[in-house]
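Asker: heads up, no residue letters with this:
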């Protein structure tokens, strides 16, 4: 019986390719799981800092600087509320971690959006204006906020929602007042049920 060595070699090559492909796929799966684990671990670290006394105090100082007897206290780019930078720097750091792949943007949205968005919209000229000397400093925050806004608007199922329609001065003021009322106690991110109620209310306002 004559052995067809070319056929044997072809079969061996195919087996080798399949084996190598399986090994690569397994390694990729392991790498993805490792990245997911690290992302969750990084998120927990950022949340711990967010709920820590020092950052709670920073958020409270910002709320105190923004809330006056007649509503939000006016400010200018030349004279911004200095206490805002401690808060903005934290969110900028989140944006950097997302850009580097150390955090997942959906996880950041799920955990921090309700806290970051009112501050961002309140201080938007400081972050985005070409006249602001700080706009370059917060480039990663801008990208992060755009991505989170898109997630929020998709969930609201409102194609006509704009970047500014998610928050109004009245809602920003309510947010700061809430910070003043609750910053003495541990603060937890909004629950899923509360989030759905807020999204439904916002959707109704958009359709009104």
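Answerer: Arrived safely. Because the structure is a prediction, the values reported are computed rather than measured.

Asker: Please, where are all the helices along the protein?
Answerer: All helices of the chain, identified by DSSP state H, fall at 5-50, 53-66, 84-99, 105-122, 124-128, 139-156, 169-182, 192-207.

Asker: By mean pLDDT, show me the worst of the ones you listed.
Answerer: Comparing mean pLDDT across these, the weakest is helix 192-207, with a mean of 45.

Asker: Just the terminal-to-terminal distance for stretch 77-92.
Answerer: 18 Å (CA to CA, to the nearest Å).

Asker: Stretch 126-141 now?
Answerer: This stretch, stretch 126-141, spans 12 Å end to end (CA to CA).

Asker: Could I get the buried residue list for that stretch?
Answerer: Going by neighbour count (16 or more other CB atoms under 10 Å), the buried part of stretch 126-141 is 126-128, 132, 134-135, 138, 140-141. Where C-beta positions appear, they are placed from N, C-alpha and C, glycine not excepted.

Asker: do the same with stretch 41-54
Answerer: Counting neighbours by 16+ other CB under 10 Å, the buried set in stretch 41-54 is 42-43, 46, 50.

Asker: for stretch 141-161, same thing?
Answerer: Neighbour-count burial for stretch 141-161 [16+ other CB under 10 Å]: 141-142, 144-145, 147-149, 152-153, 156, 158, 161.

Asker: Just give me the closest of the buried residues of stretch 41-54 to residue 111.
Answerer: residue 43 (6.4 Å; CB to CB).

Asker: distance of the closest residue to residue 80 other than its chain neighbours from residue 107?
Answerer: With sequence-adjacent residues excluded and distances taken as CB to CB, 6 or more residues apart in numbering, residue 80 is closest to residue 126, at 5.2 Å. Residue 126 sits 26 Å away from residue 107, taking CB to CB, to the nearest Å as the criterion.

Asker: With residue 42 instead?
Answerer: Plainly put, residue 42 is 9 Å away from residue 107 if you go by CB to CB.
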